[in-house]
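Student: With the sequence up front, the predicted model follows.
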Amino acid sequence: MAMWLFLGSECLLFGGLISTYMLYRGRITQGPRPSQIFDIPFTSVSSFVLLMSSLTMVLAVTSTQRRDYERSKLWLTVTALLGATFVGGQVYEFTAFYNEGLGFTTNLFSSSFYTLTGFHGVHVTVGVIMLMALRGIISKNRDTGDRAEVVELIGLYWHFVDIVWIIIFTLVYLIPA
Amino acid sequence: MDATTTATDTVQQGDSHEHGLSDAMAIKIALILAAMTALEVSTYYVDFGAFFLPVLIILMIVKFFTVVSYFMHLKFEHQMFKLLFYTGLGLALFVYFVALATFKFFN
Amino acid sequence: MAIIERPTPTAAITLRAPVTPAQSMGIVRRPVTSTGWKSWVFTVDHKKIGIMYGVFAMFFFIVGGVEALLIRLQLATPDGKVLSADLYNQMFTMHATTMIFLFAMPMAAAFANYFLPLQLGARDVAFPRLNALGLWLLVAGGLILNASWFLGGAADGGWFMYSPNSGPVFSPSNGVDFWTLGVQIAGFGSLIGSINLIVTILNMRAPGMTLMKMPVFCWMILVVQFLLVFSLPVITVALVLLTFQRSFGATFFDVAQGADPLLWQHLFWIFGHPEVYVLILPAFGIITEVLPTFSRKPLFGYPFVVFSGASIGLVGFGVWSHHMFATGLGPISVAAFSIATMAIAIPTGVKIFNWTLTMWGGKIWYSTAMKFSIGLIVLFTIGGLSGVTHAVAPSDTQQTDTYYIVAHFHYVLFGGMVFGLFSGFYYWWPKVFGKMLNEKLGGWNFWLMVIGMNMTFGPMHILGLQGQPRRMYVWTEARAGEGLFNFGFWNKIASLGSLILTIGILFFLINIVYTARKGKIAPLDPWDARTLEWITTSPPKEHNFDRIPVVHHLDDFFHRKYQEDATTGELVQIATGEQLVRAEEANADAHIHLPSPSYWPIAIAVGVGTLGFGVVYGVPIMIVGVLMILGSSFGFVLEPSVAQDIDYDPPASGGQDTKELAPLG
Amino acid sequence: MSHEGTLPVSKQNMTIFGGVKSQGRLNRKKTAVMAFGVLFMAGCARDAPQDTWQPKGENASNINTLQWIVFPLAGVVGVAVFALIGFVLWRYRDKGQAIPHQSHGNPAVEITLTIIPALILSVVGVFTFRGIFQLAQTNDTQMVINVTGQQWWWEYDYPAQVVNGVEISQPIITAGQLVIPTDTKVLLRETSRDVIHSYWIPALNGKKDAVPGRINLLRLQAYKPGIYAGQCTEFCGLSHANMRMEAVALEPADFATWVANQQRNAQQPAQASLAQEGEGVFLNQCIRCHQVNGLKKADGTAAIAAPDENVYSGAAPNLTHLMSRNTFAGAAFDLVTSDCRKNIWTASPEQFGAAYLEGVSPKCLNQTNLRRWLRNAPEMKPMYADPTKLASSDGKYRGMPNLNLSESDIDKLVAYLSTLK
Ligand code: HEA
Ligand code: HEA
Ligand code: CUA
Ligand SMILES: [Cu+2]
């Protein structure tokens, strides 16, 4: 329940960041325009990666519920790897943008873009850390209560991060300013 | 907490496993989501004309709720969980739409 | 980290696995002492945390009050020389910030922490360690906010910190940086606290206590926590944007880059308006406990009061732009927000009427607690009605940013919130400390506060309508006017009033000292009360209840004491409170597990504080902070909540096993 | 005027409680009477120049009508509620009666008490709605003035236009005092060059914020000639308290005279006068920021100020007709002595125009204030003039700095400035 509340609260956080971006995305005094730098095929692949990580997360949850801890460790690892791939892709993307002249402080579009996607990236990173920690806990057989619960909760968080990306991908990348 | 000792309308946790979704089902849903994503990306290559915006937005919304309802199995959860999450979501939509409207964002 | 923490039935069993505390953390043993300062600093007991919240808040009430006195001193005469313009601006900014974030919210948290579990019939909150974390984050935030006084000047942009004035060009000192970070960190603390309290209320009520049998205080706290959960992220966004602008060169509010300063205003007030209900609803909750008790009658129209509280909360999210009537929103927005704002008066009116009708037909006992509650009804109504006059947008364009507004919000905040809190002090002091606050000193306290409050803030209505704007470090003879309504006279009255107010509050402090020294030991049920917190000793034992009560009625405690005579229909006392408490003691449960103290909450808070300073003073400190947070979060997560060796068993035996208390919290 | 309206209510209130002796009730009653007495009495005060209850123009009157609806209504509701509370407190005090029956409420009463406020508020709502759209109306505007706020003064820019048959052929730029013709619907287009300010002349209209990057519209209209005081009402930094403004309404004929004067360039001071030396100092020190139209450099070319290089907001008051206004530095200080000030402020509407158009005569010039200003402006009006703090504003001042002028330079400057009629 605490998780659902937290996610409800996060809706307002990301809502605020997305609104800021939407308001400011066209306000470009200098530097490249989004259409000049976005690499849609690349981002599509990372979006796909993140989407699939949601699937593997579901598999991790169901296998934990079956007490199939080997499987669940496997799926947790895969999920974490997919997440890490996504973050890696984002780091690559940021670097590429930066080299094309879009610094964090270049203009309002860039500031709000980096803040929004950066916040999302941090959430994914935190998710990856939690997944890894969870894997460690399960493999060391260190119990912190009902495993299925815990995996499920982290799963909820993970899916939430995914749905935020679903929105960001459409609003930020696919719909041009 | 023991169910017998709690108040009648206390929200119970963790009774959702029974109607969790099966792996096969999950994969099916993931495939559908993937297909939708493919369709979204295709708007980048193919000109959809006037449908462009609505298609993207509708796809986005459908994907959003698919993940929430099935992967996060909110669909099967206690009423209270839905209330908590959808209140947040609804409020977010409301306040930010209104705020953007005052910036003449939708004109 | 809320994720891993939920009370689960299975967990308690797994915990029996041989994980000793020392092992589970690898390095340090659990701080298991139950006396001395360590028993406070590392505690996870909701009562101790509640008291610490209270002490913290009271301290900052005095700090904020002294700041207010300096303001009044400066404004007592034209062209005041007490404070420089710069210092004055810092003063009112910090006065408001302190009063709201470091006094009002923590004091409400103090009451909520202490009394929610007691009123719900629970042993603790859902996540006791998170509870401690919330407190220590608040302390970190408070320290950061006030550290700025000594590190180059406090924030000076007003408590709503409008951009672009709060940007790096216009507020070059570090004050605003400290402000954003301090508010942010305190905000995190509240967010954690509110998630915790919501789960507590929804999950940990005593058997039989349906939501509609829950005390109204709990209801109001529930609404407040929802408001916090959904409004804090919005200010978080605003603060993050501002921090990024000030510390990392972003341009979110830089007009030259095409930014729109109104973005800040929207984000701030989307948070800010729900925030004012966050401030008032706990006070409403308190007096809704006090009024029935001292009228010897149940609350009139319980469901109406509950639903009006909830709808105040909900509608409160749709009115924020009434703080922006003069910003040029356009007539359609203005009209919509104007009407929505008026709508809030309706549920609030319901409350006022129901309180009055609760007393109707009652048998009113004018204790100090009751006097403060009645004071709230009257003074809040004055403030609320002036609020309605602002809701009329065209009229507000004459009033906004004048002392008329200052009058409005001090009537609702001081006359409303502070009076409610004081009512709570007098009502629950015997519960918390086992001694009765002196009623005679209480009378002085109350009457001087009423007089002082009206003298201080009443004249501000006149000043505002005569055109004295707020946030002016001086006012001038040139605009003061003459005759009865000149600024000079009324400013003096206001300043004089604030002195009387101070004396009134001093009586409270004196009362505390007097009570600690010579106070009467409180009987177990001094007020003939109605709710569950009175069914245990005063102060309550560490485990709150010897036996978890089973609830059958709203006001269950009252109904255990009185029953209606079947034939005459008259109420007959069948037991005294004292007898009930003793009966509980005689039938105490065995094997009550309480969560054990922990180092980690305060350790995380120290890490967060360090990170905060890092944002101002450079990346290396930030890194240290992040490492501290990561390290202590790890400890937090891996630590089982119950240290086996100090499991608490009450001496008495013979009861049945009780439910376990959130073993993972 | 509301005294007649209020007092009976208060009296009534008193008689309700007449027989009550308890201290508690007495005080609450006093509170109630005081607070609402206050609300009403404030409404009919005739004293302070920024009184919000003395409309002197169309929009302010419209607002005032609304105030007269909502304030009394709030008062009546308040008195009714307090009467009820007072009655309950007195009637149901503990007289040793039995513990009352534990009744839980009465839905019919509840619903009634919900509906009554709702009805009252819908009435208020309807008027509010009408008022909002009434005030937003701008399509019958007769004159436009651009108003720009900056730390901590207002600039007025009259674009070329024909007003009531008077032609403004050259744009007029002035500061501090806004001059408008009476009975003319003047539209202010407000914006700001730095932070948010708010324009407020209570006698003529409510506030409207001046937001950088936006243009907000505010319409003023004055019935009668006179000076209407106002004050910046959005916190805008150090000298927010010293950021004032005054609206001066002149009869159309007087307004034409004013326009004609404003459109002239400054006259050259007489040869070899102190004023001419002052002109030299001015060219040396002040032209960096302040424009004086028609002023020529020693080489005969036009002297152009460059405030954007020196002041963060990029503007400083145009001083061409400094002596035509009688306050300076954001209307915070008098440019005239207090006697002369009194003459102008208290002039009858018929005489006001002439008095104002006379400008600041040498006899009336408030030397003390002007000299203090030139000696050390930030001491008089706190400003960001501390060089160590200028890093954040690219080394530009916010406000006027202390120029460390010698007393003799100041003498010269005063002489020169007083020629700027
Ligand atoms: C505890 C906090 C609190 C509370 C409860 C309220 C309650 C209300 N407030 Fe207030 N408000 C503030 C704290 C609060 N406010 C603060 C701090 C500010 C200033 C912020 C700043 O600028 O620094 C502010 C500013 C503020 C403004 C902006 C003013 C401006 O800056 O121009 C407005 C405008 O509409 C407003 C309106 C209201 C209204 C309509 C209510 C209503 O909820 C009141 C409802 C209550 C009643 C009406 C009384 C009881 C009802 C009856 C007896 C029923 C019958 C009534 C009728 C038929 C009318 N408030
Ligand atoms: C909970 C909120 C709260 C509370 C309780 C108060 C309490 C008081 N406030 Fe505050 N105030 C605000 C919230 C609050 N205020 C806000 C939000 C603003 C707006 C700021 C802004 O514009 O940004 C504001 C602004 C504000 C102003 C306007 C400043 C301006 O616009 O320029 C003034 C002026 O008089 C004022 C006065 C007071 C006074 C005299 C008290 C008194 O009630 C204080 C009484 C308390 C004490 C006096 C403490 C008691 C101390 C002792 C007993 C210790 C003994 C000490 C000594 C003997 C020195 N306040
Ligand atoms: Cu300009 Cu306040
Ligand atoms: Cu509000």
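Tutor: Great, that's in hand. Ligands and ions are numbered 1, 2, ... in the order given.
Student: Against C:H559, how distant is the residue of chain C positioned farthest from its centre?
Tutor: What lies farthest from the middle of chain C is C:T567; by C-alpha atoms, centre = their mean that is 46.0 Å. According to C-beta to C-beta, to the nearest Å, C:T567 and C:H559 sit 19 Å apart. Any C-beta I mention is one placed from the backbone N, CA and C, and that applies to glycine too.
Student: Get me the contact residues on the stretch 151-300 of chain D for ligand 3.
Tutor: D:W152, D:H197, D:C232, D:E234, D:F235, D:C236, D:H240, D:M243 (C-beta under 6 Å from any ligand atom).
Student: quick one: secondary structure of the closest residue to ligand 2 within chain D?
Tutor: As assessed by C-beta to the nearest ligand atom, ligand 2 sits closest to D:F235 within chain D, at 7.1 Å. Secondary structure, DSSP: H, G, I helix; E, B strand; the rest coil: D:F235 is coil.
Student: Residues touching stretch D:325-344, excluding its own?
Tutor: C:478, D:152-154, D:174-177, D:227, D:232, D:239, D:242-246, D:317, D:322-323, D:352, D:355-356, D:359-361, D:363-366, D:369-370, D:373, D:377, D:380-381, D:400 (C-beta atoms under 8 Å, 6 or more residues apart in numbering or on different chains).
Student: remind me which residues of the chain are low pLDDT?
Tutor: Because you didn't say which chain, this covers chain A. A:140-147, A:177 (pLDDT under 70).
Student: right idea, wrong chain: chain C
Tutor: Low-confidence segments of chain C, defined by pLDDT under 70: C:1-36, C:590-594, C:638-665.
Student: picking that back up, filter the contacts of stretch D:325-344 down to the buried ones.
Tutor: Taking 16 or more other C-beta atoms under 10 Å in any protein chain shown as the criterion, what is buried in the contacts of stretch D:325-344 is C:478, D:152-154, D:174-177, D:227, D:232, D:239, D:242-246, D:317, D:322-323, D:352, D:355-356, D:359-360, D:364-366, D:369-370, D:373, D:377, D:380-381, D:400.
Student: need the strands for the stretch 301-421 of chain D, in chain order.
Tutor: Ranges of strands in the stretch 301-421 of chain D, per DSSP state E, counting those that start in this stretch, are D:327-328, D:333-334.
Student: Which part of chain B gets nearest to chain D, residue-wise?
Tutor: Nearest to chain D in chain B, going by C-beta to the nearest C-beta, is B:F103, at a distance of 10.3 Å.
Student: tally of neighbours for that residue?
Tutor: When counting by other C-beta atoms under 10 Å in any protein chain shown, one arrives at 16 neighbours for B:F103.
Student: thought it was touching A:L23?
Tutor: Yes. Here B:F103 reaches A:L23: they are 5.9 Å apart, a contact under C-beta atoms under 8 Å.
Student: what sits in contact with each of the two?
Tutor: Any residue near both B:F103 and A:L23 by C-beta under 8 Å, 6+ apart counts here, and that gives C:D260, C:L263.
Student: wait, does the strand or helix carrying C:G607 contact chain D?
Tutor: Using DSSP states H and E, C:G607 sits in helix C:600-617. No. Using C-beta under 8 Å from any C-beta of the partner chain, we find that helix C:600-617 stays clear of chain D, coming within 14.8 Å at best.
Student: helices and strands around that helix, which ones?
Tutor: helix C:128-147, helix C:175-203, helix C:216-248, helix C:619-638 (3 or more C-beta pairs under 8 Å, 6 or more residues apart in numbering or on different chains; DSSP states H and E).
Student: For it, list every residue counted as buried.
Tutor: C:600-616.
Student: For C:I377, which non-adjacent residue is closest in space?
Tutor: Once flanking residues are discounted, C:I377 sits nearest to C:W355: 5.6 Å by C-beta to C-beta, 6 or more residues apart in numbering or on different chains.
Student: Is that neighbour in a helix, a strand, or coil?
Tutor: The three-state label given to C:W355 by three-state DSSP is helix.
Student: Spit out the contact partners of whatever residue of chain A ends up closest to chain B.
Tutor: Going by C-beta to the nearest C-beta, chain B is nearest to A:G8 of chain A, at 2.5 Å. Under the criterion of C-beta under 8 Å, 6+ apart, the neighbours of A:G8 are B:L84, B:F85, B:Y86, B:T87, B:G88, B:L89, C:V229, C:F230.
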